[in-house]
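**Q** Can you look at this prediction? I've put the sequence above it.
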Amino acid sequence: MWAKTLFFLIGYALLYGLILSNQFDIGTMLGLAALLGVFAACIGFNVSHDALHGAFSARPWVNKLLGGSFYLLGANPYVWKISHNIVHHTFTNIPGHDEDIEVAPGLVRLDPQDSLKPWHRYQQWYTFPLYALTSLSWVLRKDYVKFFKNRIGHHNTSTHPRVEYVKLFVAKLLYYVFFLVLPIAVLSLTWWQVLIGFLVMHLAEGLMLGLVFQLAHVVEGTTFPLPDERGNMQDAWAIHQLCTTANFAPRSKLAAFLCGGLNRQIEHHLFPKICHIHYPAITDIVKRTAHEFNLPYLENRSFHSALYSHFRLLQTLGRPA
């Protein structure tokens with residue numbers, strides 16, 4: 001785990017330094033910017049995600065320190081812990097509660113309960129490019145919107161500690177300085193060339209983030225259950241996680257290395273406080289136990305099969321039932 005952490009953090013710093021060195025032609029710098037976005041996404045998957053779940057280390061201060069790596073993505077760890085750890089992990093795939101299934105509301109239909117619009121018929125084609133905007137949304141809009149909402153899902157977020165206001169605005173300002181102001185000042189590029197590099201970095205980062213999150217919960221076989229008239233869910237929490245979550249490429253070492261174990265989302269949702277390097281050791285146990293009690297255990301054997309399953313589900317949700 002520490003080796004992965006050092007690899008991605010050092011790689012991120014090295015790529016940033018190479019770009020600011022101003023020693024490369026514009027094409028090479030554009031490639032470095034895209035690779036920097038990939039490393040940022042991998043830090044989010046492998047370091048920030050575990051740390052913010054309290055799963056990286058048994059020492060809380062280590063988790064808090066490494067949870068701060070989320071700032072390297074331009075995102076706010078405090079807002080993420082509310083929307084992801086509390087809301088998403090508790091109300092997975094429940095329409096009106098889990099905002100992770102609300103991708104461009106009105107434009108993309110991921111909730112079967114949403115009204116069907118004529119343009120949804122083509123959403124399997126235009127949704128994938130929208131995923132590339134994931135990190136740009138975090139950096140420029142989403143964190144601010146969620147921070148100042150009274151509720152995320154049905155979780156009350158009307159009050160925040162004062163220090164979190166300072167962290168939100170100071171961290172955002174520093175990110176804009178390091179990734180926009182400083183490159184414009186240092187590099188022998190025009191402001192619009194720097195802006196293109198910034199966009200390319202975030203498009204690469206956002207596409208990775210968006211795809212990995214969606215392939216875990218919005219594929220064929222996963223459900224979008226609704227509470228009864230009293231507001232109660234019929235399944236126990238652990239069963240609910242099995243019904244709404246799917247693995248992809250669970251035997252791929254490359255997927256495990258890049259995605260920080262998020263290719264084994266079932267194990268992560270059942271045991272979010274276990275470090276992801278242990279998922280391979282518990283996967284067979286979880287799968288065997290699910291089958292023993294006649295419960296679903298959804299998995300796509302490869303990244304490509306999961307991608308195609310997501311495509312087909314988007315196609316299905318874009319048409320009348």
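**A** In hand now; what should we look at?
**Q** Next, the contact list for Leu187, please.
**A** Ile19, Leu20, Asn22, Met29, Val194 (CB atoms under 8 Å, 6 or more residues apart in numbering). To be clear about C-beta, it is placed using only N, CA and C from the backbone, and glycine gets the same treatment.
**Q** Can I have the buried ones of the residues you listed as a PyMOL selection?
**A** Buried residues within these, by 16 or more other CB atoms under 10 Å, are selected in PyMOL with:
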select buried, resi 19+29+194
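**Q** Where is pLDDT lowest across the contacts of Leu187?
**A** Among the contacts of Leu187, Asn22 carries the lowest pLDDT, at 94.
**Q** Quick check: phi and psi at the residue lying closest to that one once chain neighbours are set aside.
**A** Computed as CB to CB, 6 or more residues apart in numbering, the closest residue to Asn22 that is not its neighbour in sequence is Leu187, at 5.3 Å. Taking degrees, to the nearest 10, you get phi -80, psi 150 for the backbone angles of Leu187.
**Q** returning to what we had before: export the contacts of Leu187 to CSV and tack on distance to Leu242 and secondary structure?
**A** Below are these laid out as CSV (distance: CB to CB, whole Å; DSSP: H, G, I helix; E, B strand; the rest coil):
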residue, distance to Leu242, secondary structure
Ile19, 44, helix
Leu20, 47, helix
Asn22, 52, coil
Met29, 46, helix
Val194, 46, helix
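**Q** Let me know the pLDDT of the residue nearest to Asn22.
**A** 96.
**Q** Would you mind identifying the next helix or strand past the helix or strand where Phe213 lies?
**A** Counting by DSSP states H and E, the element that carries Phe213 is helix 191-217. On the C-terminal side of helix 191-217, the nearest following helix or strand under DSSP H and E is helix 237-244.
**Q** That next one: what's the following helix or strand?
**A** That would be, after helix 237-244 and using DSSP H and E, strand 246-248.
**Q** List the strands paired with that following strand, with their directions.
**A** strand 298-300 (parallel) (DSSP bridges).
**Q** immediately after the partner strand, which helix or strand?
**A** Moving toward the C-terminus from strand 298-300, the next helix or strand (DSSP H and E) is helix 303-317.
**Q** tell me what that following helix is packed against?
**A** helix 123-131, helix 191-217, strand 246-248 (3 or more CB pairs under 8 Å, 6 or more residues apart in numbering; DSSP states H and E).
**Q** List the buried residues for the second one?
**A** Neighbour counts using 16+ other CB under 10 Å place 193-194, 197-217 of helix 191-217 among the buried residues.
**Q** How about stretch 265-281?
**A** Gln265, Ile266, Glu267, His268, His269, Leu270, Phe271, Pro272, Ile274, Cys275, His276, Tyr279.
**Q** residues touching Leu116, list them.
**A** Arg109, Gly318, Arg319, Pro320.
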